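1. what's the 3D shape of this:
(one chain, ligands or ions: 1)
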Amino acid sequence: MRARLNDVVAGELADGGAVPALTCYDFTTALAVVGAAEEAGQPVILLVAPKTAAGPGGMRLISALRGLADAASVPVLVQLDHAADPQLILAAATAGADSVLADGSSLEPAANAAFVAGVVRSLAGLDIVVEAELGALPGDEDDASAAAEADPAAGMTDPALVAGFLAASGAGLLAVAVGNVHGNYKGEPHLDWNRLGAVKAAAGTVPLVLHGASGLDEADLARAAAAGIGKVNINTELRTSTLAAVAEALPGMQAAGQNMLGLLGVWRGSAAATAAWALELLRPGTRNL
Ligand code: 13P
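-> Okay, here's the model as predicted:
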């Protein structure tokens, strides 16, 4: 069903929960994620990666996910993730996205804020929630191994910049860098909880977003939600589990009369199980810290 992203996030946050946002490269995965959310009776966000959006049929996928979201029995939101191209952002908003991450994290903070403010202006009247990222997460959204050599301490969000950045940019959600990385962590992840607390205090009513959730301890994810993170982005975990399930099932499905329907069933089942795990972990009112 239709809902406004910030209302949904605020609702989950109010009770110590967070909304999982899962990257869907395709309709089969999205179908599984929405099914898991309906089963759990919780809202969910379908993330579309920028390379998917800019690739073949990208805008048609966003429109299809819009239809899937509208038909769901729980609030389902569609977000264009990590987009730095204003044209792509406008196209995604027009195709049916509820929200975009206007990613100016490669820019200096002032230029980042100006970029986000430009996106907010360009979407005025479309009721699109614009997320921004202050600081820069190491790693690559589509390549799990890219973060392995990166230093998570580089580019962490500076709490002193947060209030000014939000005022200048007009962002409705703020993605933070507090030791989190996209893809596989090199060694034990260590989130900077003091920094997260200071960023939360400076952000006021603007909800925070934790990217790079794959590979964090379940206890860390629950603690992040309790510490005021309202949206948790998960991609690598979903890719890893889906690819492993499909790889294991593939020879049997080939032997069983080239059973494509069976293979897609395995794909959906695996993606739904990962989504159900994330929904349960971040469910409001279930904190046990
Ligand atoms: P992971 O791939 O590390 O889960 O990160 C996902 C993400 O932050 C998408 O924006």
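
2. so where do the helices sit in this protein?
-> With DSSP state H as the criterion, the chain has helices at 5-14, 27-40, 50-54, 58-71, 86-95, 109-122, 159-169, 193-203, 218-226, 236-255, 260-281.

3. so which of those is the most packed in?
-> helix 27-40 (a mean of 21; mean count of other Cβ atoms under 10 Å). (C-beta placed from N, C-alpha, C; glycine too.)

4. what does that helix rub up against?
-> Contacts with helix 27-40, where a contact means Cβ atoms under 8 Å, 6 or more residues apart in numbering, come from 22, 24, 43-44, 46, 61, 64-65, 68-69, 72-74, 76, 238, 242, 264, 267-273, 275-276, 279-280, 283.

5. and the ligand, which of those contact it?
-> Contacts with the ligand are made by none of the contacts of helix 27-40, judged by Cβ under 6 Å from any ligand atom.

6. residue closest to the middle of the protein?
-> Nearest to the geometric centre of the chain sits residue 233, at 3.1 Å (Cα atoms, centre = their mean).

7. now it: how far from residue 212?
-> Going from residue 233 to residue 212 by Cβ to Cβ, to the nearest Å gives 7 Å.

8. what's the answer for residue 77, then?
-> 20 Å.

9. give the contact list for whatever residue of the stretch 1-150 of the chain ends up closest to the ligand.
-> Taking Cβ to the nearest ligand atom as the measure, the point where the stretch 1-150 of the chain comes nearest the ligand is residue 81, at 4.7 Å. Counting by Cβ under 8 Å, 6+ apart, residue 81 touches 21, 23, 47-50, 101, 141, 233.

10. name the residues of the stretch 51-200 of the chain found near the ligand, please.
-> Going by Cβ under 6 Å from any ligand atom, the residues of the stretch 51-200 of the chain near the ligand are 81-82, 141, 182-183.

11. lowest-confidence one in the contacts of residue 81?
-> Across the set of the contacts of residue 81, residue 141 stands lowest in pLDDT, at 86.

12. surely it and residue 23 touch.
-> Yes. With contact defined as Cβ atoms under 8 Å, residue 141 counts as touching residue 23 (7.3 Å).

13. between those two, what contacts are shared?
-> 49, 81, 235.

14. can you tell me, leaving aside adjacent residues, what's nearest to the second one?
-> If I follow you right, that is residue 81. residue 47 (4.4 Å; Cβ to Cβ, 6 or more residues apart in numbering).

15. try the last one
-> Counting by Cβ to Cβ, 6+ apart, the nearest residue to residue 235 once its immediate chain neighbours are dropped is residue 23, at 3.8 Å.

16. ok, now residue 51?
-> Nearest to residue 51 is residue 142, by Cβ to Cβ, 6+ apart, at 6.1 Å.

17. what's the local residue count around the one you found?
-> 18 (other Cβ atoms under 10 Å).

18. residues contacting it?
-> Listed by Cβ under 8 Å, 6+ apart, the contact set of residue 142 reads 49, 51, 235.

19. go on, residue 256?
-> With contact set as Cβ under 8 Å, 6+ apart, residue 256 has these partners: residue 262.

20. measure stretch 208-225 end to end?
-> 10 Å (Cα to Cα, to the nearest Å).

21. what about it, average pLDDT?
-> Averaging pLDDT along stretch 208-225 gives 92.
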